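**Student:** fold the following for me, if possible:
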Amino acid sequence: MPAPERAPAYARAVLRIIDARTGEPVDAAPARRGLTRVEAHAPGFDTGALRVLLVADLLVRALELGGTPVWAVLRGERQRAELRAGAAALGVRPFEDAADVGTGLGEKQVIHVVPEGGAGPEGVRVAVAPVHAEAPDPTQGVDPAALRLALLARRRGVPVRLDPAALNEAHDTLVRWRRAIAGWAHRPSRPVSDEVRAQLRTAWEDDLDVPGVLRVLAWVESEPDFPDGARFETFAYADRLLGLDLARDLGSPA
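**Tutor:** As a prediction, the model looks like this:
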């Protein structure tokens, strides 16, 4: 695989997202790193709603990695318990209930993460394409991290088909990465290079291009001259966004 396009390490990236109202990119973080409220809108429990919560979780993680304080809120009138349980299984961090929002906390920006199509709330909207799955709750009987990776493998505006082939591919990738990371951990530590760090941030700060992040990781994994210690630190750094628990097998035999 060729190296990803080089990004200037000196450039300070800013997370920009496409506003579904206008089709234009906007800064996800307000000036001077004021508080941003991220609202996930899930009208009921299904795979599409779980993907909405996952995208909201990614947005929160990306903002926090950029130094922006975030307040995450769940708006959904039906099947909240199922939504929360399904989201927790996917590694989505807890959201506050909308009923507890009150008058707010003086946030500088509100971003609504919504299912694609249909009417949406006023303000910046991040639209999430649907998921086509064989069962309404794909968390049953599936490795949650593999399901998360399968959902991350497409940009949020692209529909996802959850079939056995996609889930098996995600599972096999996770097994390989976790085994490799456990081995790299035994090698001398090396920092994430400025170039690779810039490539990762350039990807996820371009409208949450998580597939771009995964392509950088695939290159780091396969590049023969890359030090193993730097591979380990690169995957650990990227996992702060991905939330795949990639270092889970640390301590296992190399």
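**Student:** contacts only, for Ala87.
**Tutor:** 50, 53-54, 57, 95 (Cβ atoms under 8 Å, 6 or more residues apart in numbering). Every C-beta, even on glycine, is put in place using the N, C-alpha and C of the backbone.
**Student:** hmm, try it at 7 Å
**Tutor:** 50, 53 (Cβ atoms under 7 Å, 6 or more residues apart in numbering).
**Student:** repeat for Lys108
**Tutor:** Contact analysis of Lys108 by Cβ under 7 Å, 6+ apart lists 30, 34-36.
**Student:** strands of the chain, start to end?
**Tutor:** Counting by DSSP state E, the chain has strands at residues 16-18, 25-27, 36-41, 70-75, 96-97, 109-115, 124-128, 131-133, 160-162.
**Student:** re earlier: determine which two of the contacts of Lys108 are furthest apart.
**Tutor:** Of all pairs drawn from the contacts of Lys108, the widest gap by Cβ to Cβ lies between Pro30 and Leu35 and measures 8.1 Å.
**Student:** nearest residue to Leu50 in space, please, no chain neighbours.
**Tutor:** The shortest distance from Leu50 to any non-neighbouring residue, by Cβ to Cβ, 6 or more residues apart in numbering, is to Gly86 (5.1 Å).
**Student:** and the pLDDT for the one you found?
**Tutor:** At Gly86, the model reports a pLDDT of 87.
**Student:** quick check: the gap between it and Arg201.
**Tutor:** 29 Å (Cβ to Cβ, to the nearest Å).
**Student:** dump the residue contacts of the nearest residue to Arg61 once chain neighbours are set aside.
**Tutor:** Distances taken as Cβ to Cβ, 6+ apart put Leu241 closest to Arg61, at 5.1 Å, once the chain neighbours are dropped. Residues counted as contacts of Leu241 (Cβ under 7 Å, 6+ apart) are 58, 61-62, 65, 204, 213.
**Student:** export these as a markdown table, with columns for pLDDT and distance to Ala166.
**Tutor:** A markdown table is the format used below for the contacts of Leu241 (pLDDT from 0 to 100; distance: Cβ to Cβ, whole Å):
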| residue | pLDDT | distance to Ala166 |
| --- | --- | --- |
| Leu58 | 97 | 18 |
| Arg61 | 96 | 23 |
| Ala62 | 96 | 24 |
| Leu65 | 92 | 27 |
| Trp204 | 95 | 21 |
| Val213 | 97 | 18 |
